[in-house]
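Participant: Generate coordinates for the sequence data below:
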Amino acid sequence: MFSPVMLDILTFFKNNLSDHFVIYFIPLYILGGRPAAVLTAKLLGLKMTLVLPVVVLLDTLQIPLFYFIYDTISDRFLIRKLHDKTTKRESALLQTRLFRWMRVMGAPGVVAVAMLPVKGCGMWSGVLLSKLLNFSRQGSYLLLICGSILGCAFLLGLGEGILRVWGLVIEG
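Facilitator: Predicted coordinates:
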């Protein structure tokens, strides 16, 4: 199915990335988020007992940053763009069917938004949803961290599925 040259290129990237994954991990997480970090680590065969706590920690470190952003945004000149972006994001989120459904779900909705590895979900939107639902910060932290852990578990399952399909493609 794949040419020998293609397999050599894939093997080179796998070996290079896995040998230096610590160097790539943080930028990969920053640029691609939880899905990119967890799936790449899974596909490279890294120990998830090391990767998952780091990913959950990085997700958790975002929570106070997002609360700070939402709490301190004002009309000052330097953060005008951030204010506009957050206001647009909030108004767009309020209009979606997904938000209306999550609002009805309450706490499980916050977990689901933080868990889902799709555009428009994640920690940023989870914090926003918990603020819009007027949850306490302590309760929000717990819900968001649960969402992060469940999201990692989902991505691990997805990664395992990709590896099985990849094995079938290579063998077949």
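Participant: in the protein, which spans are helices?
Facilitator: Counting by DSSP state H, the chain has these helices, from start to end: 4-19, 21-43, 48-72, 80-95, 97-105, 107-115, 123-132, 137-171.
Participant: Would you reformat those as TSV and include mean pLDDT?
Facilitator: Below are these laid out as TSV (pLDDT from 0 to 100):
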stretch	mean pLDDT
helix 4-19	66
helix 21-43	80
helix 48-72	87
helix 80-95	68
helix 97-105	73
helix 107-115	89
helix 123-132	86
helix 137-171	88
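Participant: Report the separation between residue 111 and residue 170.
Facilitator: With distances taken as C-beta to C-beta, to the nearest Å, residue 111 is found 36 Å from residue 170. C-beta coordinates here come from the backbone N, C-alpha and C atoms, glycine included.
Participant: er, residue 70 actually
Facilitator: Applying C-beta to C-beta, one obtains 47 Å for the distance of residue 70 from residue 170.
Participant: Settle it for me: which of the two has more neighbours?
Facilitator: residue 70 (16 against 11; other C-beta atoms under 10 Å).
Participant: May I ask you to confirm that residue 33 is in contact with residue 122?
Facilitator: Yes: when contacts are counted by C-beta atoms under 8 Å, residue 33 is listed as touching residue 122 (6.3 Å).
Participant: Look at these two and report which has more neighbours.
Facilitator: Neighbour count, other C-beta under 10 Å: between residue 33 and residue 122, residue 122 has more, with 24 against 21.
Participant: List the residues that contact residue 152.
Facilitator: With contacts defined as C-beta atoms under 8 Å, 6 or more residues apart in numbering, residue 152 is in contact with 34, 38, 52, 55-56.
Participant: er, residue 130 actually
Facilitator: Per C-beta under 8 Å, 6+ apart, neighbours of residue 130: 110, 139-140, 143-144.
Participant: contacting residues around stretch 116-123?
Facilitator: 33-35, 59, 62-63, 66, 93, 96, 98, 112-115, 144, 147-148, 151, 154-155.
Participant: ok, 6 Å please
Facilitator: 35, 59, 62, 113-114 (C-beta atoms under 6 Å, 6 or more residues apart in numbering).
Participant: Got a quick ChimeraX command for the buried subset of the residues you listed?
Facilitator: With 16 or more other C-beta atoms under 10 Å as the criterion, this ChimeraX line picks the buried residues out of the contacts of stretch 116-123:
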select :35,59,62,113,114
